[in-house]
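K.L.:
Pasting the sequence and the predicted model now:
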Amino acid sequence: MKIGILCYPTYGGSGIVATELGMSLAHKGYEVHFISSALPARLDITNPNIFFHKVNVETYPLFEYQPYDIALSSMIYRVVNLYKLDLLHAHYAIPYAYAAFTAKQMLKEESRDIPLVTTLHGTDITLVGQHPSYKHAVEFSINQSDAVTSVSASLKADTLKFFNIKKEIQVITNFIDNSDFGGGVQTCQRKQFAKDEEKILIHVSNLRPVKRIMEVLQIFKNVHARIKSKLIIIGEGPEMEKINQFLEEHPELIGEIRLLGKVNDLYRILQLSDVFLLPSEQESFGLAALEAMAASTPVISSNAGGIPEVNIQGETGFMAEIGNVEAMSNYTIKLLSDENLLATMKDNAKQQAIRFDLKNILPVYEDMYAETLKKF
Ligand code: GMT
């Protein structure tokens, strides 16, 4: 089967899921064509079954804004024609499902068509997709798709609540390839970040307001007052300025907080960590939390959206109401001051990641593709 994957190339969760899925399909022998504005961050382009098609947006003096969506739908149409694709899989409703619908219309002009699967990832439904500028286009794109999946039961419920959806939505949860998380931790690596007696707290995100980064810092401040510890923050984004402001107001914490930006060997650093902080305001699933669990790192989080489907209260970590910094701080202190509890939760976190292993989820995607093609 030849599959076209439409996704964001950046470090955001939807792009990561799309890339990991595409690479796994390619390893199984599918021909996978990525259509995106840049090479997706984790894409291994050396696999002969993987193709990348960059969407080029021509500039023109008349354009106040570059019409990316038009360039995208034209590229989808061209790739479907050139490589004789069997199925399109859009990750994130806008612009991908919307542009794919337009490409399908172009094909229909020539009495052809291609099935479109749309996977809803989160903010396309709960945040940006709610905006009046996009809402009707999101609803339309979902209803025009031939199959629709969502990454959690919570996101499915939100989609049905916020939009008038006429299509069945199948929940196919996000997944993790646990084989990427092998190997023991070498002390020298840990020593690069903390002394032996210190615990390591970590947060990984694209530092958008929805991640509530100030709460990550406040939790760390509370924990640090009680437990010898360091905080590692991985990622880049608009809230970075707030982190700098916090450090200006708390110069005593400057040496205690490491800002690593975007890193490629994320797994290695997760494996060194003792607890992952995720106080998000919204989180359809929380792939970052699952990645932490795959590295045997328990999670202290809010209970937003789909997080309770991933982080099990008192088992793989602890959850508190969104914004309850005190509870999240106390849970972190409780976890880090009890070595037995920490060891148990590290094991439990790994077991939870194994439940979400790629080998369990990939066949569900394959069945869904086969079923979609059959019905088309
Ligand atoms: O917010 C992000 O981290 C990026 C965003 C995206 O769509 O790229 O992530 C969403 O999709 C991820 C993959 O399915 C989910 O794990 C995240 O929970 C979800 N983010 C939100 O809902 C805020």
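P.N.:
Right, received. Where do you want to start?
K.L.:
what residues does the stretch 201-350 of the chain put near the ligand?
P.N.:
Residues of the stretch 201-350 of the chain lying close to the ligand (C-beta under 6 Å from any ligand atom) are Ser205, Asn206, Val210, Gln282, Glu283, Ser284, Phe285, Gly286, Leu287. No exception for glycine: its C-beta is placed from N, CA and C like everyone else's.
K.L.:
let's see it at 8 Å
P.N.:
205-206, 208, 210-211, 280-288, 290, 305-307 (C-beta under 8 Å from any ligand atom).
K.L.:
Looking at these, which are in strands?
P.N.:
The strands, defined by DSSP state E, take in nothing from these.
K.L.:
What is the burial count for the closest residue to Leu278 other than its chain neighbours?
P.N.:
Nearest residue to Leu278, sequence neighbours excluded (C-beta to C-beta, 6 or more residues apart in numbering): Ser301, at 4.0 Å. Using other C-beta atoms under 10 Å, Ser301 has 29 neighbouring residues.
K.L.:
change the start of the numbering to 7 and stick with it
P.N.:
I'll keep to 7 as the first residue from here, and by that count the last item is Ser307.
K.L.:
pLDDT value on Ser307, please?
P.N.:
Ser307 carries a pLDDT value of 98.
K.L.:
Now do the helix or strand harbouring it: which elements does it pack against?
P.N.:
Following DSSP states H and E, one finds Ser307 within strand 305-308. Applying 3 or more C-beta pairs under 8 Å, 6 or more residues apart in numbering; DSSP states H and E, one finds that strand 305-308 makes contact with strand 281-284, helix 293-300, strand 323-326, helix 331-342.
K.L.:
partners of that strand, with directions?
P.N.:
strand 281-284 (parallel), strand 323-326 (parallel) (DSSP bridges).
K.L.:
What ranges in the stretch 157-306 of the chain fall below the confidence cut-off?
P.N.:
189-194 (pLDDT under 70).
K.L.:
quick one, helices of it?
P.N.:
159-168, 193-197, 219-230, 246-255, 272-278, 293-300 (DSSP state H, counting those that start in this stretch).
K.L.:
And the contacts of the third one?
P.N.:
Right, the one you point to is helix 219-230. Applying C-beta atoms under 8 Å, 6 or more residues apart in numbering, the contact partners of helix 219-230 are 207, 209, 211, 213, 235, 237, 239, 245, 248-249, 252, 256, 259, 262-263, 283, 285, 306, 329, 331-332, 334-335, 338-339, 342.
K.L.:
in the sheet, who's paired with the residue nearest to Leu284?
P.N.:
Leu284, Met325.
K.L.:
neighbours around Pro73, how many?
P.N.:
Using other C-beta under 10 Å: Pro73 sits among 13 other residues.
K.L.:
Was I right to think it contacts Val63?
P.N.:
Yes. Applying C-beta atoms under 8 Å as the test, Pro73 and Val63 come out as touching, 7.1 Å apart.
K.L.:
Look through the stretch 57-206 of the chain and state the residue closest to the ligand.
P.N.:
Going by C-beta to the nearest ligand atom, the ligand is nearest to Gly128 of the stretch 57-206 of the chain, at 2.5 Å.
K.L.:
any weak-confidence spans in the stretch 7-156 of the chain?
P.N.:
17.
K.L.:
Residue numbers of it in contact with the ligand?
P.N.:
Neighbours of the ligand within the stretch 7-156 of the chain, by C-beta under 8 Å from any ligand atom: 14, 16, 18-23, 97-98, 125, 127-130, 132-133.
K.L.:
Just the buried residues from those residues, in PyMOL please.
P.N.:
To isolate the buried members of these in PyMOL, using 16 or more other C-beta atoms under 10 Å:
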select buried, resi 14+16+18+19+20+21+22+23+97+98+125+127+128+129+130+132
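K.L.:
Strands along the chain, start to end?
P.N.:
Counting by DSSP E, the strands of the chain are 8-12, 37-42, 56-60, 93-97, 122-126, 153-156, 175-177, 205-210, 235-240, 263-267, 281-284, 305-308, 323-326.
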